[in-house]
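Engineer: using only what follows, build the 3D model:
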Amino acid sequence: MELTELIRDYVATELLSNIELDFLEGELWETIQHISEINSLILAPRDICKKLELQEKSSWHLCCAAVLDLSRPLKEKNERVDKLNKLIVKYNLGNK
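Structural biologist: Just a heads-up that it's a prediction; the model follows:
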């Protein structure tokens, strides 16, 4: 499985299996755990960001967080997106 392909699939169908969502959860967890070691983030295409209601030039990892927030909501709306956005700002990874 690949993160970008799963996100593209979700944007097209709004459906992912539990196994695919588990994979995205793992990818997001890894990113959050190792964010201090990341030098840059790859940006997702404009249409993907727009469909997921993210800012243009958002990273694929933010898209991953958005898919999870939509598919498996936590207590707060956009909780994963907000958490990852804060880390991106903290580690100066935005729009490089």
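Engineer: and the host helix or strand of residue 27, how far from the chain's centre?
Structural biologist: Of the helices and strands defined by DSSP states H and E, residue 27 is found in helix 18-33. Here helix 18-33 shows a centroid-to-chain-centroid distance of 9 Å under the convention CA atoms, centre = their mean, to the nearest Å.
Engineer: skipping adjacent residues, who's closest to residue 61 in space?
Structural biologist: Nearest-residue entry for residue 61: residue 31, 5.0 Å, with adjacent residues in sequence omitted and distances by CB to CB, 6 or more residues apart in numbering. For glycine as for every other residue, the C-beta is placed from the backbone atoms N, C-alpha and C.
Engineer: show the contacting residues for the most centrally placed residue in the chain.
Structural biologist: Of all residues in the chain, the one closest to the mean position by CA atoms, centre = their mean is residue 64, 2.4 Å from it. Applying CB atoms under 8 Å, 6 or more residues apart in numbering, we find residue 64 in contact with 3, 7, 24, 27-28, 31.
Engineer: what ranges does this structure have for its helices?
Structural biologist: For the chain, the helices identified by DSSP state H occupy 3-13, 18-33, 46-51, 60-71, 79-90, in order along the chain.
Engineer: thank you, goodbye.
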